[in-house]
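Asker: Provided below are the primary sequence and the corresponding predicted coordinates.
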Amino acid sequence: MSESTPRKDPHTQTTEHAESDKQRTDSTSDTSVSVPSESEDDPWFMEEEVRDIVREEVSKLIEVRGVDPEDATLDDVWIAGQPLGKIIEGLTKKVKDTNSANEPAESESDSKRTPLERIADEDDTNPVGVQITSSVDRAAAIMRNWTQWSKKGPKGRNIRDGLKPLIETELDEDDLAWNQVYRACKKVEHLTNGKIVFTKHTRHGWMLLQPSSAEGA
């Protein structure tokens, strides 16, 4: 008598078929994305970790006092026990003080002297940042010798004549043209801020004049 093949339970057969189908689906439709390991050598992880640490530590130092956070001003926000407004004010003052300290100090005597008087001072090297042209150099020579070269008149000290040979001798120049002397005199007026003027007299012609009110200024 032949042995009959044992029949499988229909329920068991259905379950096995379902599991087989699931395995095939999983193997062909895996859409998972691999995430880099968060190791100490991973730059992106360290950057994020540092940000979190800084954010956490700073949040411990910040507090709002006396008002609701949405109504807070700089003076209501405190960092490490100090008002934020005061911190900013102190830093601003410190920056201004530093900038002021780096600026060259101007003495009281310098502030009273005209630019040409300062240029004429041979102890200073271009103290006012003016380009030293030949005209400025001649004007400075006039300024250095103003007391010796000028004469006192009814309207103030003046140089009416003889200026051309005086400049030539002082600066060891030969045969200056009138327009060169003219330009030097205009520089005197400009760089003394009008303390000495280059003006034309009806009788004496062109002259440099320091009005009496400007003498000793």
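Answerer: Right, received. Where do you want to start? Numbering: from 1, shown residues only.

Asker: Now do the lengthiest strand in the chain, average pLDDT.
Answerer: Taking DSSP state E as the criterion, the chain has its longest strand at strand 205-211. Throughout strand 205-211, pLDDT has a mean value of 92.

Asker: got the contact list for it?
Answerer: Contacts of strand 205-211 with the rest of the structure, by C-beta atoms under 8 Å, 6 or more residues apart in numbering, involve 142, 146, 150, 155-160, 163, 182, 185, 188-189, 195-201. (Each C-beta comes from the backbone N, C-alpha and C, glycine too.)

Asker: switch the cut-off to 10 Å
Answerer: The contact list for strand 205-211 (C-beta atoms under 10 Å, 6 or more residues apart in numbering) reads 139, 142, 146, 149-150, 152-153, 155-161, 163, 178, 181-182, 184-185, 188-189, 192, 194-201, 216-217.

Asker: what's the closest non-adjacent residue to E63?
Answerer: Computed as C-beta to C-beta, 6 or more residues apart in numbering, the closest residue to E63 that is not its neighbour in sequence is W78, at 5.2 Å.

Asker: Show me the beta-bridge partners of that neighbour.
Answerer: E63, P83 (DSSP bridges).

Asker: isn't it right next to L61, touching?
Answerer: Yes. Using C-beta atoms under 10 Å, W78 is in contact with L61, at 8.5 Å.

Asker: Looking only at neighbour counts, state which of the two leads.
Answerer: A direct count of neighbours by other C-beta atoms under 10 Å for W78 and L61 places W78 higher, at 19 against 11.

Asker: Please read off the pLDDT at the more buried one from the model.
Answerer: Listed pLDDT for W78 reads 73.

Asker: Likewise for the one 10 residues further on?
Answerer: With respect to pLDDT, I88 scores 75.

Asker: which residues of this structure fall in helices?
Answerer: Under the criterion DSSP state H, the chain contains helices at 10-28, 43-61, 84-102, 108-112, 115-120, 134-144, 146-149, 163-171, 178-191.

Asker: any idea which of those helices scores lowest on pLDDT?
Answerer: Among these, helix 10-28 carries the lowest mean pLDDT (a mean of 52).

Asker: Alpha carbons only: can I get stretch 81-101 in PDB?
Answerer: Coordinates of each C-alpha in stretch 81-101 appear next as PDB, following Å, rounded to 0.1, in the frame of the first residue of the first chain:
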ATOM      1  CA  GLY A  81      24.900  89.900  35.700                       C
ATOM      2  CA  GLN A  82      25.300  93.100  33.600                       C
ATOM      3  CA  PRO A  83      22.800  95.000  31.500                       C
ATOM      4  CA  LEU A  84      23.400  94.500  27.800                       C
ATOM      5  CA  GLY A  85      22.900  98.200  27.200                       C
ATOM      6  CA  LYS A  86      25.600  99.100  29.700                       C
ATOM      7  CA  ILE A  87      28.000  96.600  28.100                       C
ATOM      8  CA  ILE A  88      27.400  98.100  24.600                       C
ATOM      9  CA  GLU A  89      27.800 101.600  26.000                       C
ATOM     10  CA  GLY A  90      31.100 100.600  27.700                       C
ATOM     11  CA  LEU A  91      32.500  98.900  24.500                       C
ATOM     12  CA  THR A  92      31.500 102.000  22.400                       C
ATOM     13  CA  LYS A  93      33.300 104.300  24.800                       C
ATOM     14  CA  LYS A  94      36.400 102.100  24.800                       C
ATOM     15  CA  VAL A  95      36.500 102.100  21.000                       C
ATOM     16  CA  LYS A  96      36.200 105.900  20.900                       C
ATOM     17  CA  ASP A  97      38.900 106.300  23.500                       C
ATOM     18  CA  THR A  98      41.200 104.000  21.600                       C
ATOM     19  CA  ASN A  99      40.700 105.900  18.400                       C
ATOM     20  CA  SER A 100      41.200 109.300  20.200                       C
ATOM     21  CA  ALA A 101      44.500 108.000  21.700                       C
END
